[in-house]
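Undergrad: coords please:
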Amino acid sequence: MELEGQIEEFIYRNEANDYSIAVFSTNENEILTVVGYLPFIAEGDCLKLHGKMVVHQEYGEQFKIDTFEKIMPETAESLGKYLASGTIKGVGPATAKRIIDKFGDETLNIFKLEPKRLAEVKGITEERAIEIGEEFNEKWEVWQIVSFLEGFGIGANNAKKVYDTLGKDAVQKIAENPYILVDVAYGVDFNKIDKIALQIGISSNSDERVKSGIKYALLVSSYNGNTCVYQENLLQYAQQILEVNRENIENNLIALNMAEEIVMEKRGEETWVYLYPLYKAEKNISDRLQLLKNCENVKYIKNFEKEVKAQEKKIGMELSEKQFEAIEQVNDNNVSIITGGPGTGKTTIIRCLIEIYRSHKKKIVLCAPTGRAAKRMTETTGEEAKTIHRLLEIGKIEDDKLGNIDNDISPIDSDVLVIDEMSMVDIFLMNYIVKAVYLGTKLVFVGDVNQLPSVGPGSILKDLIESETFATTALNKIFRQAAKSKIIVNSHDVNKGISFIGKNDYVEDAEEDFFYVNETVQDRILAQVTSLSNGRLKKYGDYNFIENIQILTPTKKGKLGTKELNKNLQNILNPKTDENESKTYGDIEFREGDRVMQIKNNYDMYWEKKIGKTDFGNDHGSGVFNGELGIISKIDSTNKTIAVEFDDGKIAWYAFSELEQLEHAYAITIHKAQRE
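TA: Presented below is the predicted three-dimensional model:
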C-alpha cells in the first residue's frame, strides 16, 4: 500500500535507531497509527509511506512502514503544521501562523527561493530570515538520503547511521564515491555498490575501489567466523573479486595499514591481516583479561577445602578430584576456565559454587549466550540465568557489530560471574563482557571446546585454553549416571576418533538412548526419519514429537534438507484438518500446532507471558531472537495474526505480513540448532 499524509505526533520513538510509533493523518483525513523506522522525521512532516496494514494483538490495526519518502507540504495548512512543530529552530506556532498568514500558498516558494522575504514577517530580522531558509533547505537535503540509499540496497533503518557518519553532504559524498558505504553500513552488497560505481565512471583500478574490495574481503572472512586472514589468501581473494593486478592490491594494503583501517600483524614468517575494529576488539579482550587476572584476589575465601566438604555433604555426593580442582581454582584465581564434554560434572561444579559464595553473602550471576542455554542453566542449577544480551542490557549490537566496538555497556553487578556455553561466544560479545566486569569480580568460563564454534568471528573458549594463560580444568571423567547414556559415551568416543557404540553393542546398565540406523538410499532414510518421528519410539518412552524430538540435518536443500523434511513431517505429524486453521505464506503453509523457529532477531516484537494457566499478567516485554523455538497456538484469520508460544513461555503475535520471520522447525539445520 501507499499512503500520503502528515505525521501528527509521535507516540514512541527509539532515540538509538529511530524506530517509531506515530499518529499519521492521511490526505483523505483518515487517522492511522504507523510503525517503522523514521530517521530525520519530525511532527508535522509530510510523507509518502510504502508498507502494509497489520493487526497488532494489543494495539489493533497499524500501518507497518517498509520505506518512505519525504515530500514537501502541498498546502499552506500542512506547511503551517510542519513549521508549528518546532522543527525549524526559532519558529514556533505563533511565528508559523504569521508566516502562513503573510504568504499563504506561496510560503513554500518563499522558503526555497526567496528566504530573505521572511523578514517581512513581524519578529524576523533579515539575518534570521536567511538562517531559517538555510535550515529549511538543509533539512530537505537530509530527507533525500533515505530514498537515495534505497538504490544501493540500504534501508531506512541504516540511513541515520550513514548520515551521522558522513554528515550533511552524505548524498554528494556517496554519489562521488559509493565505496564509502562498505565502511559505514554493515552487511552491504559490494557487487551492487561496485556495479553502480563503475557505471558512474570510477576506474576499476582506482585506489578507492581496491581499498574497498580489500575491506569487503575481510568482512566476508568475518562473516565466516574469522577475525583475521593470512595475507596471501587475502591477496588471492581480493584479486579474484576486483580483477586488478596484485601490485595494486599490495600497495593499497600498505596504505590501509598506514591509515589504521586495517592491521597487519607479523607472526614469525607469516603476516595476518585484521580489520581494525576486529583487531581492537581482540586486543581489548586480551588486555582486559590480563588485568582481571592480575588484580588482587579480593573474593578469596579462607579454609576453602572445608567449605567444599560441607557442600559435598549437603548435596550428598563426593566430588571427583578434577571437580574439586575446578572449584578450588575459582577461589584461587580471578579468571578461570572449566571445560569438558557432556556428563563430566560441569553443572555440579556450578551448583557448588553458587552455594559456597552465597553462604559468604557474595552475589553470583549466571548467564549464557542464547535463550535456550540460559533456560537450561536455570533448570539444572535452580538459579535464574540470563542471556548475556539481557544481562548487559544491550540491544542491536549484532546489526552493526563492526561500528560499535567502543559502545558504553552497563556494568555487571556481581562478585562471581559464571558464563556457560562459552564456545558460542564470539569476539564482539566477549568484548562487551570484559568491559562490563568490575576489577575484582571472579570470571568463570564454562563450556565444551568440541562443540560448534560461535556463529560470529572468533573461537574465544578454544583460544583462551590454548593460550595456557588462565587457570583451566579439563574434566574428562564421565560420571557413572552419565556413563549409562550411550549418547554421552558416543560423544566422547567420537572426539577421540573411536567408532561409536551401535544398537547391539553391550554397555553395562546402558540406557537405550542411542540408535544407529545405517542407510544410504535417500528414500529409505526419509522413511526411517518419519517412522521414528511418528510413534516408533513408543516402547522406549512416551515421546511427543513437539515436546521431545528434534530432527537435525546438515543442509536446507534436497530431499533430506530442512525444507523437504519439514513438509513431510508436517503432513504426518500435523495434517491439515477442518479444525486447525492454516495460513499460506509464500511456499510455506503454517498450521495451528506447527513447530516453528524465529529466524531473525526482532528486538521490537512485543510478547507476554502467561501467569498461571490462562491469565496474562505483568510479565511482558519485547524481543524475539534468531533460533527461538515455539508452537503456533492460534491463527486468527479475522485479525490476520498468528500467535506463537515459545519454549520459554512467552507468546508473540505476528501479523500475516511478518511471517518471513518464521519457518517450520520439525527439522532444523545443525547450524540453527546451535543458535537455539
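Undergrad: let me see the contact set for the residue nearest to H664 when sequence neighbours are not counted.
TA: Using Cβ to Cβ, 6 or more residues apart in numbering and skipping residues adjacent in sequence, the residue nearest H664 is N566, 3.8 Å away. (C-beta placed from N, C-alpha, C; glycine too.) Contact analysis of N566 by Cβ atoms under 8 Å, 6 or more residues apart in numbering lists 663-667.
Undergrad: and K280, by the same measure?
TA: Contacts of K280 by Cβ under 8 Å, 6+ apart are I405.
Undergrad: check which helix or strand covers it.
TA: helix 276-294 (DSSP states H and E).
Undergrad: alpha carbons of the helix or strand that that helix is followed by, as PDB, please.
TA: The element immediately downstream of helix 276-294 (helix or strand, assigned by DSSP H and E) is helix 304-315. Taking Å, rounded to 0.1, in the frame of the first residue of the first chain, the C-alpha atoms of helix 304-315 are listed here in PDB:
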ATOM      1  CA  PHE A 304      38.000 -23.300  51.200                       C
ATOM      2  CA  GLU A 305      38.600 -27.000  51.400                       C
ATOM      3  CA  LYS A 306      36.300 -27.200  54.500                       C
ATOM      4  CA  GLU A 307      33.700 -25.200  52.600                       C
ATOM      5  CA  VAL A 308      33.800 -27.700  49.700                       C
ATOM      6  CA  LYS A 309      33.500 -30.700  52.000                       C
ATOM      7  CA  ALA A 310      30.400 -29.100  53.600                       C
ATOM      8  CA  GLN A 311      28.800 -28.700  50.200                       C
ATOM      9  CA  GLU A 312      29.600 -32.300  49.300                       C
ATOM     10  CA  LYS A 313      27.800 -33.400  52.400                       C
ATOM     11  CA  LYS A 314      24.900 -31.100  51.600                       C
ATOM     12  CA  ILE A 315      24.400 -32.400  48.100                       C
END
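Undergrad: pLDDT averaged over helix 304-315 - what is it?
TA: Across helix 304-315, the average pLDDT comes to 84.
Undergrad: what do you get for stretch 668-676?
TA: The pLDDT scores in stretch 668-676 average 73.
Undergrad: same check, this time on stretch 19-26
TA: Here the average pLDDT along stretch 19-26 is 90.
Undergrad: could you do stretch 267-280 as well?
TA: Stretch 267-280 comes out at a mean pLDDT of 93.
Undergrad: ends of that stretch, what's the gap?
TA: End-to-end span of stretch 267-280 (Cα to Cα, to the nearest Å): 17 Å.
Undergrad: and the helix or strand harbouring I241, how far from the chain's centre?
TA: Secondary structure from DSSP H and E places I241 in helix 231-242. Helix 231-242 has its C-alpha centroid displaced from the chain centroid by 29 Å (Cα atoms, centre = their mean, to the nearest Å).
Undergrad: just the buried residues of whichever helix or strand comes after it, please?
TA: Using DSSP H and E, the helix or strand that follows helix 231-242 in sequence is helix 246-258. Counting neighbours by 16 or more other Cβ atoms under 10 Å, one finds that the buried residues in helix 246-258 are 248-249, 252-253, 256-257.
Undergrad: alpha carbons of helix 246-258, as PDB, please.
TA: Provided in PDB are the C-alpha atoms of helix 246-258 (Å, rounded to 0.1, in the frame of the first residue of the first chain):
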ATOM      1  CA  ARG A 246      48.400  -8.000  -7.500                       C
ATOM      2  CA  GLU A 247      50.800  -5.000  -7.100                       C
ATOM      3  CA  ASN A 248      47.800  -2.600  -7.000                       C
ATOM      4  CA  ILE A 249      46.300  -4.600  -4.100                       C
ATOM      5  CA  GLU A 250      49.600  -4.900  -2.200                       C
ATOM      6  CA  ASN A 251      50.100  -1.100  -2.400                       C
ATOM      7  CA  ASN A 252      46.600  -0.400  -1.200                       C
ATOM      8  CA  LEU A 253      47.000  -2.900   1.600                       C
ATOM      9  CA  ILE A 254      50.000  -0.900   2.900                       C
ATOM     10  CA  ALA A 255      48.000   2.400   2.500                       C
ATOM     11  CA  LEU A 256      45.100   0.900   4.600                       C
ATOM     12  CA  ASN A 257      47.600  -0.300   7.200                       C
ATOM     13  CA  MET A 258      49.200   3.200   7.500                       C
END
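Undergrad: how about residues contacting that helix?
TA: Applying Cβ under 8 Å, 6+ apart, the external contacts of helix 246-258 come out as 205, 207, 210-211, 213-215, 231, 234-235, 238-239, 242, 262-264, 273.
Undergrad: just want the angle from it to helix 231-242.
TA: Here the directions of helix 246-258 and helix 231-242 differ by 110 degrees (axes from the mean of the first three to the mean of the last three Cα atoms, to 10 degrees).
Undergrad: what pairs with whichever helix or strand comes after helix 246-258, parallel or antiparallel?
TA: Toward the C-terminus, helix 246-258 is succeeded by strand 262-267 as the next helix or strand (DSSP H and E). Sheet pairing of strand 262-267 (DSSP bridges) gives strand 270-275 (antiparallel).
Undergrad: what is the distance between the strand it pairs with and the centre of its chain?
TA: 27 Å.
Undergrad: residues of the helix holding I241 that come out buried?
TA: 231, 234-235, 237-239, 242.
Undergrad: keeping just the C-alphas, turn that helix into CSV.
TA: Coordinates of the C-alpha atoms in helix 231-242 are reproduced here as CSV (Å, rounded to 0.1, in the frame of the first residue of the first chain):
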residue,chain,number,x,y,z
GLN,A,231,47.8,-12.2,3.9
GLU,A,232,48.5,-14.4,0.9
ASN,A,233,44.9,-15.8,1.0
LEU,A,234,43.6,-12.2,1.2
LEU,A,235,45.6,-11.1,-1.8
GLN,A,236,44.3,-14.0,-3.9
TYR,A,237,40.6,-13.4,-2.9
ALA,A,238,40.8,-9.7,-3.4
GLN,A,239,42.3,-10.2,-6.9
GLN,A,240,39.5,-12.6,-7.7
ILE,A,241,36.7,-10.1,-6.9
LEU,A,242,38.4,-7.0,-8.2
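Undergrad: on that earlier part again, just put the buried residues of helix 231-242 in a markdown table and tack on pLDDT and distance to V449.
TA: Shown next, in a markdown table, are the buried residues of helix 231-242 (pLDDT from 0 to 100; distance: Cβ to Cβ, whole Å):
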| residue | pLDDT | distance to V449 |
| --- | --- | --- |
| Q231 | 95 | 27 |
| L234 | 95 | 27 |
| L235 | 95 | 31 |
| Y237 | 93 | 28 |
| A238 | 94 | 32 |
| Q239 | 93 | 35 |
| L242 | 93 | 37 |
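Undergrad: do a quick rundown of the helices in the stretch 451-600 of the chain.
TA: 460-467, 480-483, 486-495, 522-531, 545-548, 562-573 (DSSP state H, counting those that start in this stretch).
Undergrad: could you check the angle helix 522-531 makes with the last one?
TA: Think helix 562-573. Using the same axes, to 10 degrees: helix 562-573 against helix 522-531 is 50 degrees.
Undergrad: which stretches of the stretch 401-550 of the chain have low pLDDT?
TA: By pLDDT under 70, the low-scoring segments of the stretch 401-550 of the chain are 401-404, 479-483, 501-512.
Undergrad: and the contacts of stretch 192-202?
TA: So stretch 192-202 is contacted by 151-153, 175, 177-179, 181-182, 204, 208-209, 212-213 (Cβ under 8 Å, 6+ apart).
Undergrad: rerun at 7 Å
TA: For stretch 192-202, the surrounding residues in contact (Cβ atoms under 7 Å, 6 or more residues apart in numbering) are 152-153, 178-179, 181-182, 204, 208-209.
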